[in-house]
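Undergrad: the following comprises the amino acid sequence and a computationally predicted model.
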Amino acid sequence: MRLLFVSSEVYPFAKTGGLADVSEALPRALANLGTDIRILMPAYACVLRQVSRAQPIADLSGILGVACARLLSARLPGSDIPVWLADAPELYDREGLYQDSSGQDWPDNARRFAFLSHVAARIGLATLEPLWQPQVIHANDWHAGLVPLLVSAHQGPRPASVFTMHNLAFQGIFGPEVVPQLDLPEGSFSPEGAEYYGKISLLKAGICHADSLTTVSPTYAREILTAEYGFGLDGILRARAADLRGILNGADYGIWDPAHDPFLAANYDSARLNGKKLCKAALQHELGLVADPEVPLLTFISRMTEQKMADVLLELLPRLAAQGLQLCVLSDGDHDLERRFREVASAHAGTFAVRIGYEEPLAHRMHAGADLLLAPARFEPCGLTQIYAMRYGTVPVVRATGGLADTVVDTSRTTISDGTATGFVFAEPSAADLDAAITRAVAFFREPLAWRRLQLNDMKQDFSWNRSAAIYYSLYQDLCARAQKRASPSRVAGLRNGTPAIEKATA
Ligand code: ADP
Ligand code: GLC
């Protein structure tokens, strides 16, 4: 199986959220299943700083009028997986992935990600050196939404396309004036194509043209068919429901496991939980919180947005302080919310610690040092922090939506004793419901035996990628089989003779 995996973010090269984690971990798991996989991403400034000895393998100059561009080949750290970097300095040699330092979207984002999609399509259609041709292109999120449109417009043999939606709130919508810059096939700017209320939607382009659609949890796959969660695309998604699947994300336990996490003050596992106490003490010290092993320490590691109910959590802070709970926040996003969180934290020094910014090592230390992870959300396609938290024996408090509902089992006397309890689940995206869930969680925290059972249940959960990667793999196989059936005998002949004429070992 030859697969091109296209993503705007790949950990550790470039990350703003869970897409990067998935784009590192899923390709690794697919490679373990024997997939001949190449990842394609933009060569942002932060990526080029991390790769040494990237080899130029093709000239990309001229695509979308970009004067000087090339394809570089690097490797995913600690693996043989090629990461192909679209190196177009005029588009990507900047510090922010999507925005400048003041939080403004780059004005040429449509062109930047159309370029990425054109490169993917050219690799897919073998119109570019090096001549390695994927059988399937797996495109992720709006940044790669034009890939299915571009390949499906091709007359003749073409790779199958899978389009994964990680979050419908981000759609890549741009004014009609950008359309002429994007070099799209004729007729693309139409209601059946990428047109969306007079604008162009790169997400819609992917949804309408991919051979297969996936999203990142079974519950979210159902939710997005409703007006409440569909972000205006539920009608189109319902029309494609037969081709849509929810495949749950996993965790890369090579990165997220307290037994060997290099960022922690002490390593631990379920048989040596003492290390977790040391991590809590170290975190309290690092963040200037009162050193107290008995006080429940809550953490919120998240983009600071309304999606993540950061505004609701803010409302609740005085109550948490009144209950004597500690809270540490690691977050960035909405500047107004950030300021208000900072203000509350400075009024409660020693009890609340708020770190605004993006700090990967600190995220690990918070996962390990906290007792409870708050993962409230108005919607959550999958959510990864609750999955990571469980492995660290940090009990998640989540709203019953999307992947949160699919990964966390609410705690009661019954679920504690039958060994299924893993966290605290609440229903409505309100301060009252979040508060009630935290209150329940804290009551269990005060019962050491019950709490220990809950932690151990959490730590033995297995969300490794093997299962979901196998589902993706069989999806790719189905698509290839369907394509072969459709193809005329003369078209398949080249493939039947073994490797296609265009394949070369290049990466
Ligand atoms: P989303 O992709 O919607 O932001 P996920 O839960 O899927 O949510 O993934 C979030 C990822 O980003 C996790 O790896 C989490 O640890 C990380 N993360 C979120 N905010 C920060 C931050 N401020 N600093 C470091 N890591 C963060
Ligand atoms: C998105 C979603 C998140 C998901 C991540 C990876 O950012 O908001 O729920 O876990 O993508 O799929």
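TA: Now that the structure is in, tell me what you want to look at. Ligands and ions are numbered 1, 2, ... in the order given.
Undergrad: quick one, strands of the stretch 101-250 of the chain?
TA: 136-140, 160-165, 173-174, 195-196, 199-201, 212-215, 244-246 (DSSP state E, counting those that start in this stretch).
Undergrad: now render those as JSON lines, adding distance to V312 and mean pLDDT.
TA: Just so you know, the C-beta spots here come from the backbone N, C-alpha and C atoms, and that holds for glycine as well. Output for those, formatted as JSON lines (distance: least, CB to CB, whole Å; pLDDT from 0 to 100):
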{"stretch": "strand 136-140", "distance to V312": "29", "mean pLDDT": "98"}
{"stretch": "strand 160-165", "distance to V312": "25", "mean pLDDT": "98"}
{"stretch": "strand 173-174", "distance to V312": "27", "mean pLDDT": "98"}
{"stretch": "strand 195-196", "distance to V312": "30", "mean pLDDT": "97"}
{"stretch": "strand 199-201", "distance to V312": "29", "mean pLDDT": "98"}
{"stretch": "strand 212-215", "distance to V312": "24", "mean pLDDT": "98"}
{"stretch": "strand 244-246", "distance to V312": "26", "mean pLDDT": "98"}
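Undergrad: ok, and which of those strands has the densest surroundings?
TA: strand 136-140 (a mean of 29; mean count of other CB atoms under 10 Å).
Undergrad: strand 160-165 and that one, what's the angle between them?
TA: 20 degrees (axes from the mean of the first three to the mean of the last three CA atoms, to 10 degrees).
Undergrad: now do the contacts for G145.
TA: 113, 117, 139, 163, 172, 194, 201-207 (CB atoms under 8 Å, 6 or more residues apart in numbering).
Undergrad: for ligand 2, what's the nearest residue on the chain?
TA: Residue of the chain nearest ligand 2, by CB to the nearest ligand atom: G18 (2.9 Å).
Undergrad: so that residue touches C382, yeah?
TA: Yes: under the criterion of CB atoms under 8 Å, G18 is in contact with C382, at a separation of 6.8 Å.
Undergrad: for these two, indicate the residue with more neighbours.
TA: C382 (26 against 23; other CB atoms under 10 Å).
Undergrad: sec struct for the more buried one, please.
TA: coil (DSSP: H, G, I helix; E, B strand; the rest coil).
Undergrad: nearest residue to it other than its sequence neighbours?
TA: Nearest residue to C382, sequence neighbours excluded (CB to CB, 6 or more residues apart in numbering): G403, at 3.2 Å.
Undergrad: now Q455. Nearest residue, chain neighbours left out?
TA: Using CB to CB, 6+ apart, the closest residue to Q455 is G393 (4.1 Å).
Undergrad: quick one: contacts for that neighbour?
TA: Applying CB under 8 Å, 6+ apart, the residues near G393 are 258, 268, 270, 273, 276, 455-456, 458-459.
Undergrad: returning to that earlier point: now intersect the contacts of G145 with the helices, please.
TA: 113, 117, 202-207 (DSSP state H).
Undergrad: now those as CSV including pLDDT?
TA: Listed next are those as CSV, based on pLDDT from 0 to 100:
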residue, pLDDT
F113, 98
S117, 98
L202, 98
L203, 98
K204, 98
A205, 98
G206, 98
I207, 98
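Undergrad: ok, those residues vs ligand 1, which is closest?
TA: Once CB to the nearest ligand atom is applied, the member of these that ends up nearest ligand 1 is L203, at 15.5 Å.
Undergrad: quick check: phi and psi on T411?
TA: Here is the backbone geometry of T411 (degrees, to the nearest 10): phi -90, psi 130.
Undergrad: which neighbours do G18 and C382 have in common?
TA: 166, 249.
Undergrad: near ligand 1, which residues of the chain are found?
TA: Along the chain, the residues adjacent to ligand 1 under the rule CB under 6 Å from any ligand atom are 17-18, 21, 301-303, 330-332, 358-360, 363, 382-385.
Undergrad: nice, that's everything, thank you.
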